[in-house]
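A.B. asks: Curious how this folds, go ahead:
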Amino acid sequence: MTSLDALRRQIDALDAELVALLNRRAAIAKAIGEVKREKGCDLYVPSREREVLDKVCGLNRGPLPNHRIADIYRSIMTASLALEGMSSILVLDHSAIPAAVLRYVGRDATMLTHANESELIGAWKAGNANYAAWPAAMADPDGALWGEILAGRAMLIGGITEAEELILFMRRMDPQVALKEVHIAVIRPRLEAEAWQQVTTMLGTLPEWWGGVDDASGTPVLLARVASRDESAHLVSSLGPWVDHIALLQL
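C.D. replies: Modelled structure (predicted):
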């Protein structure tokens with residue numbers, strides 16, 4: 001029988017290969033983004049995303065089921081899309097923002113900082129960037145930032161907690177693309193019984209949600225499917241005080 005240490009060494013070797021391959025893929029995605037910008041093409045093409053998912057699921061021989069393979073590839077494609085188009089990002093002036101952007105985006109994006117929501121939304125409507133980030137607590141629930149999401153002009157693509165602030169990220173949406181469903185890929189409640197109770201109570205209003213394990217950290221997480229922009233925006237806003245991490249992906 002192969003020893004535990006030997007199996008772990010195999011995993012470590014495979015992880016090194018996977019990281020190298022993921023970065024090779026990301027570099028190609030970034031080059032694709034440059035070609036798209038030169039030709040004036042849309043960065044996000046839903047039909048291409050569907051094609052990739054169908055292809056990788058068709059190649060899958062297990063033991064991972066197809067829906068897990070699809071989840072992994074949606075995360076990869078979301079990260080690649082950011083590299084393709086996130087040359088700049090509009091942000092609100094807050095001490096937690098630089099570290100959050102570095103963790104979520106990396107070093108490639110230039111932050112365009114604005115003092116308040118009104119200034120940021122003005123720059124957004126002027127087309128100064130296709131991405132934006134802000135602390136959830138600094139955006140008026142009835143204000144312009146959430147209004148862009150609810151109107152379908154922007155989409156939440158994720159959120160992370162930095163210095164006890166939930167930082168949300170959004171990207172501009174093609175008005176011709178209809179969002180049929182949003183998959184909240186990862187919800188990591190805070191390590192408190194009350195947080196888990198609050199999160200599961202909120203998820204209990206949804207038609208489908210389930211538990212899992214975050215492969216990167218080994219910590220338990222929750223996943224859910226959400227049927228509309230309105231529902232996803234409301235859920236992310238409501239979960240803010242109770243989660244350490246939440247990531248949203250379009251299906």
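A.B. asks: switch to C-alpha atoms for all contacts and neighbour counts from now on
C.D. replies: OK.
A.B. asks: Please, where are all the strands along the stretch 101-250 of the chain?
C.D. replies: Remark: strands assigned in the stretch 101-250 of the chain by DSSP state E, counting those that start in this stretch are 110-114, 131-135, 154-162, 165-172, 182-189, 208-213, 220-226, 243-250.
A.B. asks: looking at those strands, which has the lowest confidence?
C.D. replies: Lowest mean pLDDT within these: strand 182-189, at a mean of 64.
A.B. asks: Figure out the helix or strand that residue 24 lives in.
C.D. replies: helix 4-39 (DSSP states H and E).
A.B. asks: can you check residue 54 too?
C.D. replies: Short version, using DSSP H and E: residue 54 is in helix 46-59.
A.B. asks: what's next to that helix, contact-wise?
C.D. replies: Contact with helix 46-59 is made by 66, 69, 70, 73, 74, 77, 177, as judged by C-alpha atoms under 8 Å, 6 or more residues apart in numbering.
A.B. asks: What residue spans form the domains of this protein?
C.D. replies: As given by automatic domain parsing, the domain ranges for the chain are 4-84, 132-250.
A.B. asks: for the first one, the distance to its chain's centre please.
C.D. replies: Going back to what we said before, that points to domain 4-84. In terms of C-alpha atoms, centre = their mean, to the nearest Å, the centre of domain 4-84 is found 14 Å from the chain centre.
A.B. asks: got TSV for the domains of the chain, with mean neighbour count too?
C.D. replies: Below are the domains of the chain laid out as TSV (neighbours: other C-alpha atoms under 10 Å):
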stretch	mean neighbour count
domain 4-84	14
domain 132-250	17
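A.B. asks: Need these in JSON lines (columns: distance to residue 113).
C.D. replies: Below are the domains of the chain laid out as JSON lines (distance: least, C-alpha to C-alpha, whole Å):
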{"stretch": "domain 4-84", "distance to residue 113": "19"}
{"stretch": "domain 132-250", "distance to residue 113": "10"}
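A.B. asks: Which one of those domains has the poorest average confidence?
C.D. replies: domain 132-250 (a mean of 76).
A.B. asks: roughly how far out does it sit from the chain middle?
C.D. replies: From the chain centre to the centre of domain 132-250 is a distance of 9 Å (C-alpha atoms, centre = their mean).
A.B. asks: who are the neighbours in contact with the residue nearest to residue 120 when sequence neighbours are not counted?
C.D. replies: Distances taken as C-alpha to C-alpha, 6 or more residues apart in numbering put residue 114 closest to residue 120, at 5.4 Å, once the chain neighbours are dropped. Counting by C-alpha under 8 Å, 6+ apart, residue 114 touches 90, 91, 92, 93, 120.
A.B. asks: Show me the contact partners of stretch 115-133.
C.D. replies: By C-alpha under 8 Å, 6+ apart, the list of residues contacting stretch 115-133 from outside reads 85-86, 88-93, 97, 101, 113-114, 138-139, 144-145, 167-172.
A.B. asks: before we move on, the earlier item: now, which of the contacts of helix 46-59 sits nearest residue 3?
C.D. replies: residue 69 (27.8 Å; C-alpha to C-alpha).
A.B. asks: Secondary structure element holding that closest one?
C.D. replies: helix 66-85.
A.B. asks: can you give me the angle that helix makes with strand 131-135?
C.D. replies: 100 degrees (axes from the mean of the first three to the mean of the last three C-alpha atoms, to 10 degrees).
A.B. asks: Compute the inter-axis angle for helix 66-85 and helix 46-59.
C.D. replies: Here helix 66-85 runs at an angle of 140 degrees relative to helix 46-59 (the same axes, to 10 degrees).
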